[in-house]
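Novice: give me a model of this one.
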Amino acid sequence: MTECVLFLCTGNAARSQMAEAFLREYAGDHFEVYSAGVRPTGEIHPLTRTVMKEVGNPLHRQYSKSLRELYMLHDHFTYVITVCDDAAEHCPSDVLNRAEAYFHWDFPDPAAFEGTHTEQHHFFRVIRDEIAEQVQIWLEELEAVR
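Specialist: A predicted model of the protein is given here:
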């Protein structure tokens, strides 16, 4: 059985989308990977798409979705990973009950960053790179305990 990973954030517009894309890129042949929002915005932030495209990962076939949509697809997740404190605080208990393991990674919301467009773009890149690194670290840790 393929292991199933759910990345969960508030709006499913930036952080969880990036994490989903990086895990698919690094180990998509070992995992079914999904992301969702506790309060999805309904769209991926344009700067999320821009900074992911910069690293060759244009988020093909990804879109902002709710937990309800994922419930129709899966009744079990091997791993649930919240990528912000808000998602961790508002993660429904039934999501955690569907998971074999739960992890929490807190990243600032790049969509909430205030500044010029250039500063916002830079901040999205910073968060993108931090998420990429955390996904790689997590994969190494998983491999070490297997």
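
Novice: next, the residue nearest to G42 when sequence neighbours are not counted: secondary structure please.
Specialist: Nearest residue to G42 in three dimensions, chain neighbours excluded: S64, at 5.3 Å (Cβ to Cβ, 6 or more residues apart in numbering). For the C-beta atoms, the positions are set from N, CA and C on the backbone; glycine is no exception. Judged by DSSP: H, G, I helix; E, B strand; the rest coil, the three-state class of S64 is coil.

Novice: S64 and A21: what is the separation?
Specialist: 13 Å (Cβ to Cβ, to the nearest Å).

Novice: of these two, who's got more company?
Specialist: Shown here are S64 and A21; by other Cβ atoms under 10 Å, A21 has more neighbours (26 against 21).

Novice: any idea how far that one lies from H122?
Specialist: 19 Å.

Novice: rewinding a little: overlap of the contact sets of S64 and A21?
Specialist: Counting by Cβ atoms under 8 Å, 6 or more residues apart in numbering, S64 and A21 have no contacts in common.

Novice: so the residue nearest to G42 touches E43, yeah?
Specialist: Yes - contact criterion Cβ atoms under 8 Å: S64 and E43 qualify, at 5.3 Å.

Novice: touching both of the two, which residues are there?
Specialist: Joint contacts of S64 and E43 (Cβ under 8 Å, 6+ apart) are A13.

Novice: ok, now which ones touch the residue nearest to G42?
Specialist: Contacts of S64 (Cβ under 8 Å, 6+ apart): G11, N12, A13, Q17, G37, P40, T41, G42, E43, I44.

Novice: out of those residues, which is most surrounded?
Specialist: Result: N12 is most packed of these (other Cβ under 10 Å), 30 neighbours.

Novice: go ahead and confirm it touches G37.
Specialist: Yes - assessed by Cβ under 8 Å, N12 is found in contact with G37 at 3.1 Å.
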